[in-house]
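*Asks:* Here is a sequence with its predicted model. Questions after.
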Amino acid sequence: MGAQEEWQVSCRDIASRRRDMTVFVSQGHVVITVPPGEAAVLTPLEVGRLRAALRDAVVSASNTDM
């Protein structure tokens, strides 16, 4: 598999500490992990990065169904 299977998206938690969200593909499903026990707070730029990561993950997940 040459395609990327995991994407990191920077964010902040509710206390404004730097955190990361991870988007990855598992068995044809898109999975998002967020800071444990926290809400992820995203700037507009970070939302754009999350959107791009989700788009890429969906394409990757679709390719595993073949």
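*Replies:* Noted; the coordinates are in hand.

*Asks:* need the contact list for residue 37.
*Replies:* By CB atoms under 8 Å, 6 or more residues apart in numbering, the contact set of residue 37 is empty. For glycine as for every other residue, the C-beta is placed from the backbone atoms N, C-alpha and C.

*Asks:* same thing with residue 34?
*Replies:* With CB under 8 Å, 6+ apart, residue 34 has these contacts: 11, 19, 21, 40.

*Asks:* Let me see the ranges of the helices in this protein.
*Replies:* 44-64 (DSSP state H).

*Asks:* residue nearest the centroid of it?
*Replies:* Ranked by distance to the mean C-alpha position of the chain (CA atoms, centre = their mean), the top residue is residue 23 at 2.7 Å.

*Asks:* For the closest residue to residue 58 other than its chain neighbours, name its beta-bridge partners.
*Replies:* With CB to CB, 6 or more residues apart in numbering as the criterion, residue 58 has its nearest non-adjacent residue at 6.0 Å, and that residue is residue 30. Counting by DSSP bridges, residue 30 is bridged to residue 25.

*Asks:* Could you shift the numbering so residue one becomes 44, and keep it that way?
*Replies:* Okay, residue one is now 44; in that scheme the one you just asked about reads as residue 73.

*Asks:* can I assume residue 73 is in contact with residue 105?
*Replies:* No. Counting by CB atoms under 8 Å, residue 73 does not reach residue 105; the two are 10.0 Å apart.

*Asks:* More neighbours: which of these two?
*Replies:* The neighbour comparison of residue 73 against residue 105 (other CB atoms under 10 Å) goes to residue 73, with 17 against 12.
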